[in-house]
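Undergrad: Pasted the sequence and its predicted model underneath.
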Amino acid sequence: MPVRTRVTVPLEFPDGYRATAEVVTFTSLSDGKEHLALAFGDVAGAEVPLVRLHSECMTGDVFGSQRCDCGPQLREAVQRIAETGGYLLYLRQEGRGIGLYAKLDAYALQDTGMDTYEANRALGHADDERDYTAAAQMLEALGASTVDLLTNNPDKSRQLRDLGVDVRTVQPTAVHASPANVRYLQAKVAHTQHTIDLASAS
Ligand SMILES: Nc1nc2c(ncn2[C@@H]2O[C@H](COP(=O)(O)OP(=O)(O)OP(=O)(O)O)[C@@H](O)[C@H]2O)c(=O)[nH]1
Ligand SMILES: [Zn+2]
């Protein structure tokens with residue numbers, strides 16, 4: 001069954017976002033999860049929408065935990081997309097796809113000295129279990145066949161292209177390093193070739 005948009009509802013955001021915003025839901029997504037698209041700014045007027053695939057991180061996004069860079073990346077993405085027009089896909093892939101409780105198990109292991117990927121493996125998980133099929137379906141339903149992608153993660157652009165999305169450009173996010181997350185960011189660069197310039201951030 002083709003994926004279609006289900007409902008589009010305006011949301012009020014603080015003035016700082018300088019933009020209208022709408023939240024979009026979908027029918028028949030392949031993984032059956034309740035992923036959201038948030039449309040910011042002048043999407044219709046944008047030649048190519050700026051798109052971020054943001055994987056859910058309850059600890060960072062909601063509670064502001066500094067163990068990761070998710071919260072600042074989320075806010076940066078909203079601001080940047082609002083300026084150019086585009087979509088933030090909020091994907092229900094907590095813990096790089098292993099779930100919230102398992103991510104917290106992995107945090108406990110990281111506190112014994114493992115890095116984020118070693119902890120995943122010690123729990124019997126792959127380094128990264130995310131699949132972006134549903135994200136590609138959402139973009140198709142939104143009519144966004146060509147996108148500018150906001151990410152430091154080469155796997156996101158690779159998977160989207162393999163799924164038939166025309167990723168015109170890949171734009172890195174700012175580096176949101178802090179003493180609490182620097183090991184986590186170093187591991188991303190070392191294991192998954194994230195384009196994060198930690199030297200310039202220090
Ligand atoms: N398993 C595991 N997941 C984590 C850990 N820290 C953060 N996460 C999850 O990692 C994901 C981060 O997702 P994204 O914001 O898309 O980040 P990314 O894949 O590094 O890619 P970009 O930010 O686009 O460069 C979220 O789902 C977090 O919950 C960790 O230590 N272990
Ligand atoms: Zn996080």
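TA: Yes, it's here. Numbering: from 1, shown residues only. Ligands and ions are numbered 1, 2, ... in the order given.
Undergrad: Any residue of the helix or strand hosting Asp148 touching ligand 1?
TA: Asp148 belongs to strand 146-150 when assigned by DSSP states H and E. No - legend: contact between strand 146-150 and ligand 1 by CB under 6 Å from any ligand atom is lacking; minimum distance shown is 7.1 Å. Yep, even glycine has a C-beta here, placed from its N, CA and C like the rest.
Undergrad: interface residues of this structure facing ligand 1?
TA: So far as CB under 6 Å from any ligand atom goes, the chain lies against ligand 1 at 54-57, 68, 70, 73, 93-96, 98, 103, 106-107, 116, 120, 151-153, 156, 184, 188, 194.
Undergrad: Which stretches in this protein count as helices?
TA: 70-84, 100-110, 116-122, 133-142, 154-162, 182-192, 198-201 (DSSP state H).
Undergrad: Which stretch among those is buried most, on average?
TA: Mean neighbour count (mean count of other CB atoms under 10 Å) peaks for helix 133-142 among the helices of the chain, with a mean of 21.
Undergrad: Show me what that one packs onto, helices and strands only.
TA: Contact analysis of helix 133-142 by 3 or more CB pairs under 8 Å, 6 or more residues apart in numbering; DSSP states H and E lists strand 4-11, strand 21-27, strand 36-40, strand 86-91, helix 154-162 as its packing neighbours.
Undergrad: circling back to that earlier point, mind putting the helices of the chain in TSV, mean pLDDT and distance to Val24 included?
TA: Output for the helices of the chain, formatted as TSV (pLDDT from 0 to 100; distance: least, CB to CB, whole Å):
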stretch	mean pLDDT	distance to Val24
helix 70-84	93	14
helix 100-110	97	24
helix 116-122	95	31
helix 133-142	98	7
helix 154-162	97	18
helix 182-192	71	29
helix 198-201	66	34
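Undergrad: Adding distance to Arg4, write those helices out as JSON lines.
TA: Shown next, in JSON lines, are the helices of the chain (distance: least, CB to CB, whole Å):
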{"stretch": "helix 70-84", "distance to Arg4": "22"}
{"stretch": "helix 100-110", "distance to Arg4": "29"}
{"stretch": "helix 116-122", "distance to Arg4": "34"}
{"stretch": "helix 133-142", "distance to Arg4": "5"}
{"stretch": "helix 154-162", "distance to Arg4": "20"}
{"stretch": "helix 182-192", "distance to Arg4": "33"}
{"stretch": "helix 198-201", "distance to Arg4": "42"}
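Undergrad: and of those, who's closest to ligand 2?
TA: For the helices of the chain, proximity to ligand 2 was assessed by CB to the ion; helix 70-84 is nearest, at 3.0 Å.
Undergrad: Indicate whether that closest one makes contact with ligand 2.
TA: Yes - Helix 70-84 reaches ligand 2 (CB under 5 Å from the ion) through Cys70.
Undergrad: List of residues touching that helix?
TA: 13, 16-19, 21, 38, 40-41, 46, 49-52, 54-55, 57, 59-61, 64-65, 87-88, 148, 150, 173-174, 176 (CB atoms under 8 Å, 6 or more residues apart in numbering).
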